[in-house]
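*Asks:* Got a predicted structure plus its sequence, pasted below:
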Amino acid sequence: MKSLAPKYILENSGKTWIDVSFRLKISKRIILFLDYDGTLVPIMEKPSLAILSKSMQKLLVDLNRTKNISVFIVSGRAYSSIKKVLNVKNITIASNHGFQITGKNTDWFHPDIMRFLPSLKKTSLMLEEALSSIPSAKVENKQFTITVHYRNVEKRLIPFVKKTVKEVIVDYKDLHITLGKMVIEVRPNIKWNKGDAVLKILKSMRAGNVTTAIIYIGDDKTDEDAFKALKQKAITIVVGRKQNSKAKFYLRNTDEVERILESICSLKNERSRR
């Protein structure tokens, strides 16, 4: 049976968000999972330019300080990369598509990841050499994964970039390719993704009861793994109107994400004042 397209959570009548906000209001605890690029900040030509706005940064700080709200960042970026642009203390980050989870009381790596590091390092060097004729294609070695960025590559050269990546990793049976927004990801052949990472976090928090509301907001293809894993457990929201997303709801852009997060913060602070 074909799944329904995500519903606009801020539709004109307002009933959808009223229903969702009522559920959040009566929940004893809210767990927020947020992608970074394309969710908290617009997609930028260079990842280093994707800096949180002052209002979004303040909002994340406020949410993270609010009693009974737990905030997690779930990103494809390397931990060092996300820390440079995310200036929020005491926030747990699932980086590298969940292969690493780092926070105040945790510093976890997938137990099988270390044996893939030699292949990843060699592949990264080979990709840099193979794509050296296209300076606008950037190879990012994130230690546990590799990202080939082609957002700034001329349209006619994109097929060459994709073909080159496939040819380079063909001899590395322990690696595989996934696609994202104008990026090609090279990952270890481990059955692990953002969905698995989120379920691991929830298990550690013992967040299985009906008094906990779980929300996941993301925009990329890699977030679909989390939407699928949380299908029966969470309020899932994709950023951008996508007919084939596994999310229940959608928001149009990062401005609307900020609007939703402001509402959540207000709801819980209002309840705590009573």
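*Replies:* Great, that's in hand.

*Asks:* neighbouring contacts of stretch 144-157?
*Replies:* For stretch 144-157, contacts defined as Cβ atoms under 8 Å, 6 or more residues apart in numbering pick out 43, 45, 47, 76, 78, 96-97, 99-100, 109-110, 113, 116-117, 120, 123-124, 127, 131, 134, 136-140, 158, 161-162, 165, 180, 182-188. C-beta coordinates here come from the backbone N, C-alpha and C atoms, glycine included.

*Asks:* measure Phe33 to Leu52 for me?
*Replies:* Using Cβ to Cβ, to the nearest Å, Phe33 is found at 17 Å from Leu52.

*Asks:* what about these two, which has more around it?
*Replies:* Neighbours were tallied for Phe33 and for Leu52 using other Cβ atoms under 10 Å; the higher tally belongs to Phe33 (25 against 17).

*Asks:* Just list whatever residues bridge to that one.
*Replies:* Phe72, Tyr216 (DSSP bridges).

*Asks:* do Thr236 as well
*Replies:* With DSSP bridges as the rule, Thr236 is bridged to Tyr216.

*Asks:* Ok, Leu251 next?
*Replies:* Val239.

*Asks:* That one is in contact with Val257, isn't it?
*Replies:* Yes: counting by Cβ atoms under 8 Å, Leu251 touches Val257, with 5.7 Å between them.

*Asks:* before we move on, back to that, so which of the contacts of stretch 144-157 are in helices?
*Replies:* 117, 120, 123-124, 127, 158, 161-162, 165 (DSSP state H).

*Asks:* can I get these in JSON lines with distance to Ala234?
*Replies:* Shown next, in JSON lines, are those (distance: Cβ to Cβ, whole Å):
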{"residue": "Leu117", "distance to Ala234": "33"}
{"residue": "Leu120", "distance to Ala234": "31"}
{"residue": "Thr123", "distance to Ala234": "34"}
{"residue": "Ser124", "distance to Ala234": "34"}
{"residue": "Leu127", "distance to Ala234": "35"}
{"residue": "Ile158", "distance to Ala234": "34"}
{"residue": "Val161", "distance to Ala234": "35"}
{"residue": "Lys162", "distance to Ala234": "33"}
{"residue": "Val165", "distance to Ala234": "33"}
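
*Asks:* thinking again about what came up before, just the buried residues out of the contacts of stretch 144-157, in ChimeraX syntax.
*Replies:* To isolate the buried members of those in ChimeraX, using 16 or more other Cβ atoms under 10 Å:
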select :47,76,78,96,97,99,100,110,113,116,120,123,124,127,131,134,137,138,139,140,161,165,180,183,184,185,186,187,188
